[in-house]
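>>> have a look; sequence and predicted model below, questions after that.
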Amino acid sequence: MSLYLRESGLVRNDTFGSGLPAAYVAAPVSRVSVTGGRLRLDHDANDDTLVLAPLPGACAVEVKADYTPTEGNDQGGLVLYQNADNKIEFLERVDSNVTTNVSRWRAVSTDGKTWDLFADSGSGFQFVDMAAEFVPNKVGAVLKKGTASGYVPLFLERLTITKSSFLTVGNLADGLTVELLDASNVVVATAQVLASKALVPMPSLHVSGSLRVKNGGTVVDTINGEFYGGDRYDSGSSLKMVKDNVTLEELSRTDLSDVGTMTNGQLLKKLYIHNPTAAPVSSVSVLIEQWNAKFGYQWADVAKDVSGAPGTWGDIISYTSVPANSTTAFWVRVEQQPGYTGLDPLEFAIGLQHV
């Protein structure tokens with residue numbers, strides 16, 4: 001068993017070395033150029049300079065830029081955009097009382113219309129303000145109009161959109177600790193497991209490094225990779241058990257799934273093992289197990305699929321390998337036996353094991 005990515009939170013994570021991505025819009029176009037792998041926004045005398053990306057609704061947005069204004073009316077920053085007359089601007093400006101400049105802006109919404117706004121001037125994101133009852137359809141960077149002496153350009157370095165500003169790790173025992181580490185192996189975020197999951201606050205919506213689970217001072221699981229806000233990781237198998245090989249509707253890993261009704265004392269159901277990854281999974285076993293101390297597993301068996309029909313029935317079946325990006329069929333049979341007179345639905349678990 002290991003940590004695996006159950007659902008990605010990434011919507012987009014754009015840098016600009018190759019220019020403006022296809023889904024973006026910019027205006028005035030003549031005021032936006034590529035310089036040193038970044039988008040350069042220059043001031044225009046008559047119009048605000050805008051670079052905008054599509055916004056999916058409820059999400060988290062992070063804009064990273066190099067922008068250090070020195071004149072009082074030189075302003076730029078993040079913009080949530082609905083149309084020319086309706087937009088919310090989160091602007092950086094020169095302030096004699098502040099010794100550091102904002103390098104990143106963040107906007108977070110859980111409903112698509114209420115936005116929490118954060119700024120990072122080098123020591124992490126701090127809450128600054130909020131905007132309510134506003135539904136933007138684009139997001140990006142703005143540099144306010146004006147061409148006075150001393151005005152400086154804004155260099156847009158990265159725009160990241162994710163489903164959330166938290167990373168979730170599920171299917172864990174309460175009391176464990178989850179840590180997010182950066183590429184230098186420094187812990188940048190920590191969360192405790194409560195109600196079987198941990199919500200890890202993302203210091204940046206994209207972190208390259210590792211995710212690890214600890215029991216006290218002992219590391220019990222770890223995974224390396226690229227992590228994004230809204231990612232859902234679980235502890236368990238990357239294989240999925242699905243109802244069919246078309247919709248790939250997954251059987252629940254934590255609650256009961258209805259697989260059918262017994263007719264004339266028997267239920268026969270074809271299910272599938274789905275491997276969604278790019279690598280084969282070796283030494284796979286499917287077995288019948290008791291669920292929550294309930295009656296039901298005593299009547300259940302599994303069998304391999306042999307040319308569309310069940311093979312030999314038993315409590316366990318084994319496969320040498322489940323190929324990458326594939327589904328493998330198997331059968332479940334529930335057959336009435338003497339000795340049970342209860343009226344409750346039969347409940348059992350189908351276990352999945354592999355190396």
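In hand now; what should we look at? What you see is a predicted model; the values in this text were computed from it and never measured.
>>> where does pLDDT dip in the protein?
Across the chain, residues meeting the criterion (pLDDT under 70) sit at 1, 95-102, 254, 341, 343, 355.
>>> can you give me the helices for it?
Defined through DSSP state H, the helices belonging to the chain form an empty list.
>>> surely Lys270 meets Lys304?
No. Under the criterion of C-beta atoms under 8 Å, Lys270 lies out of contact with Lys304, with a separation of 11.2 Å. C-beta coordinates here come from the backbone N, C-alpha and C atoms, glycine included.
>>> list residues touching both of the two?
Residues touching both Lys270 and Lys304 by C-beta atoms under 8 Å, 6 or more residues apart in numbering: 330-331.
>>> in stretch 260-272, what counts as buried?
If you call a residue buried by 16 or more other C-beta atoms under 10 Å, then stretch 260-272 has these buried ones: 267, 270-272.
>>> oh sorry, the question was meant for stretch 315-333
Counting neighbours by 16+ other C-beta under 10 Å, one finds that the buried residues in stretch 315-333 are 317, 319, 322, 327-328, 330-333.
>>> filter the buried residues of stretch 260-272 down to just the ones in strands.
267, 270-272 (DSSP state E).
>>> circling back to that earlier point, which one of the buried residues of stretch 260-272 is nearest Trp115?
Top of the list for closeness to Trp115, among the buried residues of stretch 260-272 and by C-beta to C-beta, is Tyr272 at 41.9 Å.
>>> gap between the closest one and Lys240?
Tyr272 sits 9 Å away from Lys240, taking C-beta to C-beta, to the nearest Å as the criterion.
>>> just Ile273 next, same as before
Relative to Lys240, and taking C-beta to C-beta, Ile273 is found at 8 Å.
>>> between the two, who's got more neighbours?
With other C-beta atoms under 10 Å as the criterion, Ile273 and Lys240 differ in neighbour count, and Ile273 comes out ahead with 22 against 18.
>>> okay, and the beta partners of that one?
Note on Ile273: beta-bridge partners by DSSP bridges are Met241, Thr328.
>>> how about it, what does it touch?
Taking C-beta under 8 Å, 6+ apart as the contact definition, Ile273 lies against 239-242, 284, 286, 319, 322, 327-328, 330, 352.
>>> ok, Ser196 touching Val169?
No. Using C-beta under 8 Å, Ser196 is not in contact with Val169; the gap is 9.7 Å.
>>> and the two? Which one has more around it.
Between Ser196 and Val169, counted using other C-beta under 10 Å, Val169 has the larger neighbour count: 27 against 15.
>>> picking that back up, list just the nearest of the buried residues of stretch 260-272 to Arg158.
For the buried residues of stretch 260-272, the residue nearest Arg158 by C-beta to C-beta is Tyr272; the value is 40.0 Å.
>>> residue contacts, the closest one?
Neighbour list for Tyr272: 241-245, 327-330 [criterion: C-beta under 8 Å, 6+ apart].
>>> where's it relative to Ala300, distance?
17 Å.
>>> again, but for Glu89
Taking C-beta to C-beta as the criterion, Glu89 is separated from Ala300 by 61 Å.
>>> what about those two, which has more around it?
Neighbours around Glu89 and Ala300, counted as other C-beta under 10 Å, are more numerous at Ala300. The numbers are 23 against 14.
>>> any idea what the more buried one is bridged to?
Per DSSP bridges, the residues bridged to Ala300 are Val334.
>>> so it sits against Val332, correct?
Yes. Counting by C-beta under 8 Å, Val332 is a contact partner of Ala300 at 6.5 Å.
>>> tell me how far stretch 11-25 lies from the chain's centre.
The gap between the average C-alpha position of stretch 11-25 and the chain average comes to 20 Å, counting by C-alpha atoms, centre = their mean, to the nearest Å.
>>> who does Arg38 bridge with?
Thr35.
>>> list the contacts for it?
When the contact criterion is C-beta under 8 Å, 6+ apart, the partners of Arg38 are 16-17, 66, 155-157.
>>> most neighbours, which of the residues you listed?
The member of those that has the most neighbours, counting by other C-beta under 10 Å, is Leu156 with 25 neighbours.
>>> Provide a list of residues in contact with it.
Counting by C-beta under 8 Å, 6+ apart, the residues that Leu156 touches are 16, 38-41, 51, 63-65, 140-141.
>>> please name the nearest non-neighbouring residue to it.
For Leu156, ignoring the flanking residues on the chain, the nearest one in space by C-beta to C-beta, 6 or more residues apart in numbering is Leu39 at 4.1 Å.
>>> quick check: that neighbour vs Thr15, distance?
Separation of Leu39 from Thr15 (C-beta to C-beta) stands at 9 Å.
>>> quick one, which of those two is more surrounded?
Leu39 (27 against 15).
>>> show me which pair in the contacts of Arg38 is furthest apart.
Farthest apart among the contacts of Arg38 - using C-beta to C-beta - are Gly17 and Asp66, which lie 14.6 Å from each other.
>>> residue boundaries of the strands in the stretch 1-150 of the chain?
Under the criterion DSSP state E, counting those that start in this stretch, the stretch 1-150 of the chain carries strands at the ranges 2-7, 10-14, 25-27, 32-35, 38-41, 49-54, 59-66, 76-83, 86-92, 104-109, 115-120, 126-131, 138-143.
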